[in-house]
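>>> test case, fold it:
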Amino acid sequence: MPSPEQLLSDQKSALETFFGQEALPPEPPKALMEFVERANEQGFTFELYFEPNVVFTKDANYPGWRVKPDTWFWEQIREGNILADAAVLSGRWAAMEAIQKPEYDGGKQLHENDSLAPILERLRKEGKITIPDWCSLIPSTSRFGISFDEITKYVVPEFAQVTQIEAEQAQVPPYIAFNFRGNVAHPEWGETNTWERFADSFGGGSRLVGGRRVRGGLAYVGYGWRGVRSDCVGFRLRVVSSSK
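Numbers count the residues shown, from 1 in each chain. Next comes the predicted model:
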């Protein structure tokens, strides 16, 4: 785990490269640093970084924003199907999993060296989340075939208990946080042909999904019903500081 001074230096450099101007991130919170250390000792891949309180716009021209959200994203914000704050970063320190989503393999694909796997397997054995009948190839340890509602109701509380954080701090990331972090440090997140779940609402009963290579990678965003399972849509987790 880098020291607070090294984290500040690294994030200052990353933000200045992305935005093209001087950046002064606040000190990283001790509690979030301790969470990352605990979680990564358990084999997770959380990386601590700072999200400045920036309102992104379609026409913004930051030097590090190489892969911008698809035009559809901005159109849906304008039409009111996606809330305007879906284009706003949190202004907080956050920790997001760096794990790479795999290539689609008929539902059999797995995230490599996934420390969340034992939790998912136990939840399936307990009947709290189930493998869809139409896709029996999904392994019991897989992040695929799990709905947004199941992640929120079952996966996040179990993960929070194991890593000793408040469940309210953890969720799948908003799309703009995924896009920002992907541009800054993980362009490979957009290089596979599976999708990821995002926290943002769409319309009445849907949530955003995206990140699929053949539709634009980091740029691509669409939507799916929050209660529906899919053998090609997985997820990563993001934990935010409890205070700005």
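
>>> which parts of the protein are strands?
46-50, 93-97, 170-171, 195-202, 206-210, 221-225, 233-234, 238-240 (DSSP state E).

>>> packing partners of the third one?
Where contact means 3 or more CB pairs under 8 Å, 6 or more residues apart in numbering; DSSP states H and E, strand 170-171 is packed against helix 156-163, strand 238-240. All C-beta atoms are positioned from the backbone trio N, CA, C, and that covers glycine.

>>> give the contact list for the closest residue to Tyr175 other than its chain neighbours.
Using CB to CB, 6 or more residues apart in numbering and skipping the chain neighbours, the partner closest in space to Tyr175 is Phe198 (4.3 Å). For Phe198, the contact set (CB atoms under 8 Å, 6 or more residues apart in numbering) comprises Val172, Pro173, Pro174, Tyr175, Phe178, Arg207, Leu208, Val209, Gly210, Val221.

>>> redo the residues you listed as a markdown table? Include neighbour count, distance to Leu8 and pLDDT.
Below are the contacts of Phe198 laid out as a markdown table (neighbours: other CB atoms under 10 Å; distance: CB to CB, whole Å; pLDDT from 0 to 100):
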| residue | neighbour count | distance to Leu8 | pLDDT |
| --- | --- | --- | --- |
| Val172 | 27 | 27 | 98 |
| Pro173 | 27 | 22 | 98 |
| Pro174 | 21 | 24 | 98 |
| Tyr175 | 26 | 27 | 98 |
| Phe178 | 27 | 23 | 98 |
| Arg207 | 24 | 33 | 97 |
| Leu208 | 25 | 31 | 97 |
| Val209 | 25 | 34 | 97 |
| Gly210 | 28 | 31 | 97 |
| Val221 | 28 | 31 | 96 |
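
>>> next, the buried residues of the helix or strand of the chain with the lowest mean pLDDT.
Taking mean pLDDT, DSSP states H and E as the measure, the chain has strand 221-225 as its least confident helix or strand, at a mean of 93. Across strand 221-225, burial judged by 16 or more other CB atoms under 10 Å covers Val221, Gly222, Tyr223, Gly224, Trp225.

>>> what angle separates it from strand 206-210?
140 degrees (axes from the mean of the first three to the mean of the last three CA atoms, to 10 degrees).

>>> coming back round to it: among the strands of the chain, which is nearest Ser136?
strand 233-234 (17.2 Å; CB to CB).

>>> that closest one - contacts with which helices or strands?
With contacts defined as 3+ CB pairs under 8 Å, 6+ apart, strand 233-234 has these neighbours: strand 195-202.

>>> ok, the strand it packs on: who's next to it in the sheet?
strand 206-210 (antiparallel), strand 233-234 (parallel) (DSSP bridges).

>>> out of those strands, flag the one nearest Ile131.
When the strands paired with strand 195-202 are ranked by proximity to Ile131 (CB to CB), strand 233-234 comes first, at 13.9 Å.

>>> what does that closest one contact?
Defining contact as CB under 8 Å, 6+ apart, one finds that strand 233-234 is touched by Lys101, His111, Ser142, Arg143, Phe144, Ile146, Thr194, Trp195, Glu196, Arg197, Val209, Gly224.

>>> and the fifth one, its phi and psi?
Read that as Phe144. phi -90, psi 160 (degrees, to the nearest 10).

>>> next, count neighbours for the nearest residue to it once chain neighbours are set aside.
Distances taken as CB to CB, 6+ apart put Gly234 closest to Phe144, at 4.9 Å, once the chain neighbours are dropped. By the criterion of other CB atoms under 10 Å, Gly234 has 27 neighbours.

>>> equivalent analysis for Ser201, please.
For Ser201, using other CB under 10 Å, the count is 17.

>>> tell me the centre residue of this structure?
Pro173 (3.5 Å; CA atoms, centre = their mean).

>>> circling back to that earlier point, comparing the strands of the chain by mean pLDDT, which bottoms out?
Least confident of the strands of the chain, judged by mean pLDDT, is strand 221-225 with a mean of 93.
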